[in-house]
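> Structural data only, the sequence is not supplied:
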């Protein structure tokens, strides 16, 4: 499944910078960073449960916000980019050696 | 149609803060801010063309990044939130006087 994770971590609150790093690390482990706090992930449904559990443990539930969008099938047709585009499609870019 | 706009504006580059304000203003005019640089918009397809034109004129195409996701139908079932949730559904929250 293709999902999108966006987050706002309140870095001005206590431990905020650490939480921000931890959230980014979790997302990096599963997907592709496309903007500073936006990741696109191509994962198994079971991974989504794991990711959500990890994120819930890391963030401050009263200060930070995480949003998860299920982009569904044909997600490539649902995405448009204007300006600098750091995204890539791992399936498309796969290099066969 | 329900779309999601996420953006990264390089505020450290010349005029970056101004571009950031302009991008936020355009998005605010059409939708609901759900995170610092994430907006959910319920718009007509014709509006999407307008919004894209406006954003293209405002941003630095080499420094800034805007991503637009078409969330399609049943978008409410596609969204999950962890932590602080500033979003609301204008249709659901509509107050009939």
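All right, it came through fine. Because the structure is predicted, anything quoted here is derived from the model rather than measured. Residues are numbered from 1 along each chain as shown, chains lettered A, B, ... in the order given.

> wait, residue A:39 sits on residue A:26?
No - between residue A:39 and residue A:26 there is no contact under C-beta atoms under 8 Å: 9.3 Å. The way it works is simple: take the backbone N, C-alpha and C, and place the C-beta from them, glycine included.

> quick one, phi/psi of the residue nearest the centre of chain A?
Nearest to the mean C-alpha position of chain A, by C-alpha atoms, centre = their mean, lies residue A:39 at 3.0 Å. Residue A:39 adopts backbone torsions of phi -130, psi 140, taken as degrees, to the nearest 10.

> go on, residue A:62?
The phi and psi torsions at residue A:62 (degrees, to the nearest 10) take the values phi -90, psi -20.

> ok, and the closest non-adjacent residue to it?
Counting by C-beta to C-beta, 6 or more residues apart in numbering or on different chains, residue B:84 is the residue found nearest to residue A:62 once chain neighbours are left out, at 6.3 Å.

> can you count the residues close to the one you found?
16 (other C-beta atoms under 10 Å in any protein chain shown).

> List the buried residues of stretch A:4-15.
Buried residues in stretch A:4-15, counted by 16 or more other C-beta atoms under 10 Å in any protein chain shown: A:4-10.

> what does stretch A:26-42 give?
Of all the residues in stretch A:26-42, those buried under the rule 16+ other C-beta under 10 Å are A:26-27, A:30-32, A:34-35, A:37-42.
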